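J.: Sequence isn't available, so here's the structure alone:
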C-alpha cells in the first residue's frame with residue numbers, strides 16, 4: 001500500500017489541469033414532487049450531489065458516492081457497490097425509497113434490491129436526497145426519506161468512452177453516446193465491469209444498458225427511460241453466518257417508463273406509466289444449486305398523474321397513483337398486491353412571501369393491509385435572501401415486504417403475522433446559503449411503532465426472525481458546511497458533515513438486532529476538492545463512523561484526474577491507510593486498492 005501512496009503523491013505533484021466553475025445549488029429546481037421549488041426555497045432537509053461532485057470524488061457507482069453524504073448510511077458488501085443497502089437517519093433499508101427521474105423503483109420482495117437499478121455515473125445529472133418524513137409526498141416506502149436520481153440531458157451529439165483497471169483484477173469499460181436531432185434527443189449507455197474479487201468468492205460480472213429518449217420535443221415532449229442491469233457475484237458471507245463462504249447471487253433488474261408534461265396556463269399535469277421487473281437467483285453453494293436455491297421474480301406495473309395549479313391563494317399539488325405488484329417465487333410463493341394513493345398539498349405564502357405553510361396528505365389503499373392516511377405539514381420562513389429557517393412534521397408508514405412475511409431459509413424465517421410500521425417524525429433546521437459559504441443544520445425526532453427488524457431472541461440463536469419492535473425513538477441532528485474559495489484563480493471546495501443519532505428501544509426482548517437498530521451513532525464526512533494547476537484536479541475524502549454497537553472505523557480515499565483536450569486520465573485510491581472494517585454483517589471490506597482510468601470524449 002505504501003507504493004500506492006507514493007504513486008498518488010507523484011500524480012498530484014506532476015500533473016496540471018483546468019479549473020471549472022463549481023455548481024451552485026441555490027437555483028436548482030427540486031422537481032421530484034408535485035410542487036416544484038428551487039432548492040433555496042424548500043422547507044425540508046434536502047441535499048444535492050451534482051455530477052461534477054461525483055466526478056471529482058472518483059467513485060465508480062452511486063453507493064460509493066452517497067457514502068460522503070451526512071445522514072446517509074450505505075452498508076456495502078464488496079467493491080463497486082456490489083451489494084449495498086441504503087439507510088437514512090437510522091432507518092432500515094426497506095424504509096428508503098429510490099426514484100429515477102421521479103419513477104419509484106421499490107421492490108416488494110426486499111429493500112436489498114433497491115440499488116439494483118442505481119444508474120451508472122455517466123448517466124447522472126444530480127442526486128436529490130430528501131430526508132425526514134416523506135410519505136405524504138412519495139407514499140409508504142419513503143419512511144425515513146427518499147433519493148431521486150436525475151438523469152442527464154442531451155446538449156450535443158457526442159460519444160464518451162472510458163476504461164478503468166486496478167486492484168483485484170477490476171476492469172470497467174463504458175460507452176455513452178448522445179444524439180441531438182430536430183425532433184428528438186437520445187442518450188445511450190453501455191458498461192461492463194468485472195473483478196476476480198478481493199477475497200475468496202467475491203468475484204463479480206456486471207452489465208448495464210440505459211436508453212433515455214426525448215421524443216416529439218417541439219410539441220408534446222414524451223420522455224422514454226429504459227434500463228437493464230445484470231449482476232452476478234460471489235457472496236462470501238453476505239447473507240448469514242461467516243462460514244457460508246460459497247454463496248452466489250445473480251440479479252436482473254429492468255425498468256421501462258414513459259413520462260410527459262402537459263401545461264395549460266396555470267395548470268401543469270405530469271402523467272407517467274412504468275414497469276419495473278427484478279429477478280433474483282441465489283445459491284447457498286455456488287457449485288451445487290440443488291442443495292439450496294432461491295428464485296424470485298417480481299414485477300411492478302404503475303400509472304400515476306401528478307399535477308399542480310397556481311392561483312392567488314398559492315400553489316396546489318395533487319396526484320393519483322395506482323400500482324400492482326406481483327411476485328413468483330419458489331420460497332415466497334405466488335402473491336400479488338394492489339395499491340392506490342391519492343396525494344393533496346397546498347403551499348400558502350404570507351408576509352410578502354417570506355413565510356410559507358404547506359399542509360398535505362396522502363391516502364393509500366392496500367389490498368392486503370389496512371388503508372392508511374399520512375398527513376404532514378411543512379413550515380418555512382425566509383429571514384433574509386441567504387438565511388432560511390424551517391420545520392416539518394408528518395406521519396409515515398411501511399407495509400412488510402414479501403421476504404418479511406414469507407421467507408424460509410437457513411439464516412432467516414419470515415413472520416406472516418407482521419403488522420405495518422408506523423412513525424411520527426419531526427424536524428427543525430436552517431439554511432444559510434451564500435456565494436462562497438453554505439451552512440445547514442437540522443435536528444430530527446422519530447417515534448416508531450411496530451418497527452420491523454430482524455432479531456435473534458438470544459446470542460446463541462443463528463436464525464433471524466422479523467418482529468414488530470413495539471416502540472423505538474430515534475433522535476439526533478446533522479450539519480453540513482460547504483466552503484468555496486480560490487487559490488491563484490483556481491477553485492477549491494471544502495465540505496464537512498456531521499451526524500449524531502441515538503435509538504431508544506422502549507420494548508424489545510431481542511438480544512441482537514440485524515438491521516435497523518444497529519445504526520450509526522456518530523458520522524463525520526469531509527472532502528477537499530482542489531485544483532493546484534491548470535488541467536489537473538484532485539480530491540481527498542474522509543469518513544468516520546461509530547455505530548451503536550460500539551464499532552468504529554475511519555476511511556480515507558484519494559482521487560486525481562488530468563485532462564488534456566479530449567483525453568482524461570484518472571487515479572482513484574480507496575482506503576489508502578489499509579483500515580480493517582465491516583459495514584454490515586460480518587463481511588470485511590477490502591483494504592487499500594487502486595483504480596486507473598482513461599476517458600476519451602469524441603465530439
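T.: Right, received. Where do you want to start? The shown structure was predicted, so the numbers you read here are calculated from the model rather than taken from an experiment. Numbers count the residues shown, from 1 in each chain.

J.: Flag the shaky bits of the chain, pLDDT-wise.
T.: For the chain, the stretches flagged by pLDDT under 70 are 1-27, 31-33, 240, 459, 507-517.

J.: what residue is smack in the middle of it?
T.: In the chain, the residue lying closest to the centroid (C-alpha atoms, centre = their mean) is residue 147, at 4.8 Å.

J.: which strands and helices sit next to the helix or strand hosting that one?
T.: Taking DSSP states H and E as the definition, one finds residue 147 inside strand 145-151. Other elements packing on strand 145-151 under the criterion 3 or more C-beta pairs under 8 Å, 6 or more residues apart in numbering; DSSP states H and E are strand 83-88, strand 96-100, strand 124-131. Glycine gets a C-beta too; all of them are placed from N, C-alpha and C.

J.: so which of these comes closest to residue 167?
T.: When these are ranked by distance to residue 167, counting by C-beta to C-beta, first place goes to strand 83-88 at 18.7 Å.

J.: Show me the contact partners of that closest one.
T.: Applying C-beta atoms under 8 Å, 6 or more residues apart in numbering, the external contacts of strand 83-88 come out as 63, 66, 71-77, 93, 95-96, 98, 111-112, 114-115, 129, 131, 144-145, 147, 233, 235, 238, 249, 519, 584.

J.: now with 7 Å?
T.: 63, 71-77, 93, 96, 98, 111-112, 114-115, 131, 144-145, 147, 235, 238, 519, 584 (C-beta atoms under 7 Å, 6 or more residues apart in numbering).

J.: Keep only those of these that are in helices.
T.: Counted as lying in helices by DSSP state H, out of the contacts of strand 83-88, are residue 63.

J.: gap between residue 469 and residue 454?
T.: Using C-beta to C-beta, to the nearest Å, residue 469 is found at 11 Å from residue 454.

J.: swap that for residue 426, please
T.: The spacing between residue 426 and residue 454, counted by C-beta to C-beta, is 27 Å.

J.: And the two? Which one has more around it.
T.: For the pair residue 426 and residue 454, the greater number of neighbours falls to residue 454 (23 against 17), based on other C-beta atoms under 10 Å.

J.: hang on, that one packs against residue 412?
T.: Yes: between residue 454 and residue 412 there is a contact at 6.3 Å, judged by C-beta atoms under 7 Å.

J.: Overlap of the contact sets of the two?
T.: Applying C-beta under 7 Å, 6+ apart, one finds that residue 454 and residue 412 are jointly contacted by residue 464.

J.: Tell me the secondary structure of residue 164, please.
T.: Secondary structure, DSSP: H, G, I helix; E, B strand; the rest coil: residue 164 is strand.

J.: follow-up on the earlier one: quick one: the strand holding residue 147 to strand 124-131, angle?
T.: Going by axes from the mean of the first three to the mean of the last three C-alpha atoms, to 10 degrees, strand 145-151 is angled at 170 degrees with respect to strand 124-131.

J.: Give me the sheet partners of strand 145-151 and which way each runs.
T.: Strands that pair with strand 145-151, judged by DSSP bridges, come out as strand 96-100 (parallel), strand 124-131 (antiparallel).

J.: looking at these, which is closest to residue 30?
T.: Closest approach to residue 30 among the strands paired with strand 145-151 (C-beta to C-beta): strand 124-131, 6.0 Å.

J.: which residues in this structure form helices?
T.: When assigned using DSSP H, the helices of the chain occupy the ranges 2-14, 51-57, 62-66, 135-138, 402-406.

J.: contacting residues around residue 561?
T.: Going by C-beta under 7 Å, 6+ apart, the list of residues near residue 561 reads 537, 568, 569, 570.

J.: could you redo the last one with a cut-off of 8 Å?
T.: With contacts defined as C-beta under 8 Å, 6+ apart, residue 561 is in contact with 17, 55, 56, 58, 536, 537, 538, 568, 569, 570, 571.

J.: between those, which is nearest residue 222?
T.: Using C-beta to C-beta, residue 55 is the member of these that lies nearest residue 222, at 29.7 Å.

J.: ok, that closest one to residue 125 distance?
T.: With C-beta to C-beta as the criterion, residue 55 and residue 125 are 12 Å apart.

J.: More neighbours: which of these two?
T.: Neighbours were tallied for residue 55 and for residue 125 using other C-beta under 10 Å; the higher tally belongs to residue 55 (22 against 13).

J.: And for residue 500, nearest residue in space, chain neighbours not counted?
T.: For residue 500, the nearest residue in space outside its immediate sequence neighbours is residue 476; the separation is 4.8 Å by C-beta to C-beta, 6 or more residues apart in numbering.

J.: can I assume the one you found is in contact with residue 499?
T.: Yes: here residue 476 lies in contact with residue 499, judged by C-beta atoms under 8 Å, at a distance of 6.5 Å.

J.: quick one, which of the two is more surrounded?
T.: More neighbours surround residue 499 than the other of residue 476 and residue 499, with 25 against 22 (other C-beta under 10 Å).

J.: Pretty sure residue 526 is one of the things residue 70 touches, is it not?
T.: No: counting by C-beta under 8 Å, residue 70 sits too far from residue 526 to count as a contact (10.1 Å).

J.: what residues do the two have in common as contacts?
T.: residue 497.

J.: so residue 283 bridges to which residues?
T.: Where residue 283 sits in a bridge, its partners, by DSSP bridges, are residue 248, residue 293.

J.: That one: how many residues sit nearby?
T.: Here the count is done by other C-beta under 10 Å, and residue 283 has 20 residues near it.

J.: my guess is it contacts residue 238, does it?
T.: No: between residue 283 and residue 238 no contact is recorded; they are 11.9 Å apart, counting by C-beta under 8 Å.

J.: which residues are in contact with both of these two?
T.: 247, 249.

J.: what sits against residue 311?
T.: Taking C-beta under 8 Å, 6+ apart as the definition of contact, the neighbours of residue 311 are residue 266.

J.: Could you check how far it is from residue 349?
T.: With distances taken as C-beta to C-beta, residue 311 is found 12 Å from residue 349.

J.: what about the residue lying closest to residue 276 once chain neighbours are set aside, distance to residue 108?
T.: If the residues on either side of it in the chain are set aside, residue 276 comes closest to residue 300, at 4.5 Å by C-beta to C-beta, 6+ apart. As defined by C-beta to C-beta, residue 300 lies at a distance of 7 Å from residue 108.

J.: Could you check which of those two is surrounded by more residues?
T.: Each of residue 300 and residue 108 had its neighbours counted (other C-beta under 10 Å), and the higher figure belongs to residue 108 (26 against 22).

J.: ok, and what's touching the strand holding residue 147?
T.: Counting by C-beta under 8 Å, 6+ apart, 32, 62, 66, 86, 88-89, 91, 96-102, 118-119, 123-132, 134, 137-138, 187, 212, 225 sit against strand 145-151.

J.: Give me the buried subset of these.
T.: Of all the contacts of strand 145-151 considered here, the ones buried according to neighbour count by 16 or more other C-beta atoms under 10 Å are 32, 62, 66, 86, 88-89, 91, 96-102, 118-119, 123-124, 126-132, 134, 137-138, 187, 212, 225.

J.: Leaving out chain neighbours, which residue sits closest to residue 383?
T.: Distance criterion C-beta to C-beta, 6+ apart; nearest residue to residue 383, sequence neighbours excluded, is residue 389 at 6.5 Å.

J.: doesn't residue 355 make contact with that neighbour?
T.: No: taking C-beta under 8 Å as the contact criterion, residue 389 and residue 355 are not neighbours in contact, 10.2 Å apart.

J.: Pull up the pairing partners for the top strand by length along the chain, direction included.
T.: If you go by DSSP state E, the chain has its longest strand at strand 465-487. Sheet pairing of strand 465-487 (DSSP bridges) gives strand 437-456 (antiparallel), strand 490-505 (antiparallel).
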